[in-house]
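# Fold the following.
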Amino acid sequence: MIKSYKDLEVYKKSFKVAMDIFWMTRKFPKEEIYSLTSQITRSSRSISANITEGWAKRNYESVFKQHLVHSLGSCAESQTWIDFALECKYIDEKVHKKRLQSWSK
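Here you go, the predicted model:
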């Protein structure tokens, strides 16, 4: 039975992905702290944050759905930042693939 947003599998998964990204970015160059690092951590955290906010407003179905749509957008944005991290050689192909697969499971 789902009693809280924390019981939602999508929330659990999105929170884990955001934390994985947080730890991954600790290895990025310091000059990226206000650009790529900031962007990717904010967009990845926004996924679970929008799920949480939507859950709080779940009595209004259209509002709940809109927050889920925003969550999908943040997910896509995070995937793009992962692509940038690969192209900038901050992560390797193995990490890139692992991060992208974490969204598709």
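# OK, contacts around the residue most central in space within the chain?
The residue lying closest to the centre of the chain (Cα atoms, centre = their mean) is residue 44, at 2.4 Å. Neighbour list for residue 44: 14, 17-18, 21-22, 74, 78 [criterion: Cβ atoms under 8 Å, 6 or more residues apart in numbering]. Bear in mind the C-beta positions are built from the backbone N, C-alpha and C, glycine included.
# Mind telling me what element it is part of?
Here residue 44 sits within helix 36-56, counting by DSSP states H and E.
# what angle do the helix or strand following that helix and helix 36-56 make?
The helix or strand immediately downstream of helix 36-56 is helix 61-87, counting by DSSP H and E. Counting by axes from the mean of the first three to the mean of the last three Cα atoms, to 10 degrees, helix 61-87 lies at 160 degrees to helix 36-56.
# Check which residues of helix 61-87 are buried.
For helix 61-87, the neighbour count (16 or more other Cβ atoms under 10 Å) marks 64, 67, 70-71, 74-75, 77-78, 81-82, 85-86 as buried.
# Quick one: mean pLDDT over that helix.
Helix 61-87 comes out with an average pLDDT of 96.
# Scan the helices and strands of this protein for the one with the lowest mean pLDDT.
Using mean pLDDT, DSSP states H and E, the weakest-scoring helix or strand in the chain turns out to be helix 93-104, at a mean of 85.
# Of the buried residues of helix 61-87, which is the nearest to residue 99?
Each of these was scored against residue 99 by Cβ to Cβ, and residue 82 proved nearest at 5.0 Å.
# Tell me who's in contact with that closest one.
21, 40, 91, 96, 99-100.
# Please apply the same query to residue 25.
36-37, 40-41.
# Swap in 6 Å and give it another go.
Going by Cβ atoms under 6 Å, 6 or more residues apart in numbering, residue 25 touches 37, 41.
# cool, residue 15 as well?
Taking Cβ under 6 Å, 6+ apart, we find residue 15 in contact with residue 48.
# about what we covered before: in the least confident helix or strand of the chain, which residues are buried?
95-96, 99, 103.
# now swap in stretch 19-28 and tell me
Under 16+ other Cβ under 10 Å, the buried positions of stretch 19-28 are 21, 24-25, 28.
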